[in-house]
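**Student:** Need coordinates for the following:
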Amino acid sequence: MAECKTPNNPVSSTNPGKYILVVGNDATNLVYTSLLLQKLNYHVCSANTAEEAVEMANTILPALIITDLKLSGMNAARMIQVLRLKPRTASVPVVIKLEQLSRDIEQKCHEIGAVSCISKPVDPEELYRVVQAAIEPTPREHIRIQTRLSVVLNSVPLKLDAGECATMLSSRGMFIQTHKPFPRGTAFPIQVTVDKQPITAEAKVVYSYNAGEGPLGVAGMGLYFSKISQEDEARLQRYISEEVTRGIVPGGG
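**Tutor:** Modelled structure (predicted):
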């Protein structure tokens, strides 16, 4: 049975006209992957069989298809062949989910027309990187989440009650909403509190907006961490992964 859903917890900016088609006959795994993609702010449709997937792709073209290799009826290899026969669907990228990854298996998947493979159970960071690489014009490597975290800049706490805080976060940087953003290129120490524990880093301003500027019209600055310990980066990654998977029952793929 085919089904389409829109994002319910946006964490990154994506084209609302795009959708990802997820294919698989294991309901638990299908729902798990679909919900992860929604949390990553992608519009998602799902299909239980390759035949359904081909029909949906011919009706409304997906930006990407993520499929199990083994399916009821037509398998993924045959589905890719069918898609490539029609000009409309010939260029749709396909990612194959596999129980085990090896260089030989990945090579075989590329030979049948897949752009990439992903291992099961699906890891949010890996899924994000694969999807970004497949369909985004400027791929990101690290998940960004919407958040509201206390921040200390140059040993001075920002005023959280005045709306000054980290509003977007990745393991390599963040966007800080503040009334007094620093100029581009400014470097400074930063501390952000995650799960009641401080994380420290050296940060540098990548871009800076005054009120009324930028895509959101709010004053703030985008930072990347020029120096952060492996331990603190790992803590950020765990926090982000937990936020993305919060409320989702884990599945095998």
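**Student:** can you pull the buried residues of stretch 68-76?
**Tutor:** For stretch 68-76, burial by neighbour count (16 or more other C-beta atoms under 10 Å) applies to 68-69, 71, 74, 76. No exception for glycine: its C-beta is placed from N, CA and C like everyone else's.
**Student:** Kindly apply the preceding question to stretch 239-250 instead.
**Tutor:** Those would be 239-241, 243-245, 248, for stretch 239-250 by 16+ other C-beta under 10 Å.
**Student:** Inside helices: which ones of those residues?
**Tutor:** Among the buried residues of stretch 239-250, the ones falling in helices (DSSP state H) are 239-241, 243-245.
**Student:** export the buried residues of stretch 239-250 to JSON lines and tack on pLDDT and distance to residue 102?
**Tutor:** Listed next are the buried residues of stretch 239-250 as JSON lines, based on pLDDT from 0 to 100; distance: C-beta to C-beta, whole Å:
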{"residue": "239", "pLDDT": "93", "distance to residue 102": "31"}
{"residue": "240", "pLDDT": "93", "distance to residue 102": "28"}
{"residue": "241", "pLDDT": "90", "distance to residue 102": "25"}
{"residue": "243", "pLDDT": "91", "distance to residue 102": "32"}
{"residue": "244", "pLDDT": "92", "distance to residue 102": "27"}
{"residue": "245", "pLDDT": "91", "distance to residue 102": "26"}
{"residue": "248", "pLDDT": "85", "distance to residue 102": "28"}
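**Student:** Sort out which one of those lies nearest residue 170 for me.
**Tutor:** Closest approach between those and residue 170, by C-beta to C-beta: residue 240, at 7.0 Å.
**Student:** Quick check: the gap between that closest one and residue 127.
**Tutor:** 13 Å (C-beta to C-beta, to the nearest Å).
**Student:** And for residue 146, the neighbour number?
**Tutor:** 14 (other C-beta atoms under 10 Å).
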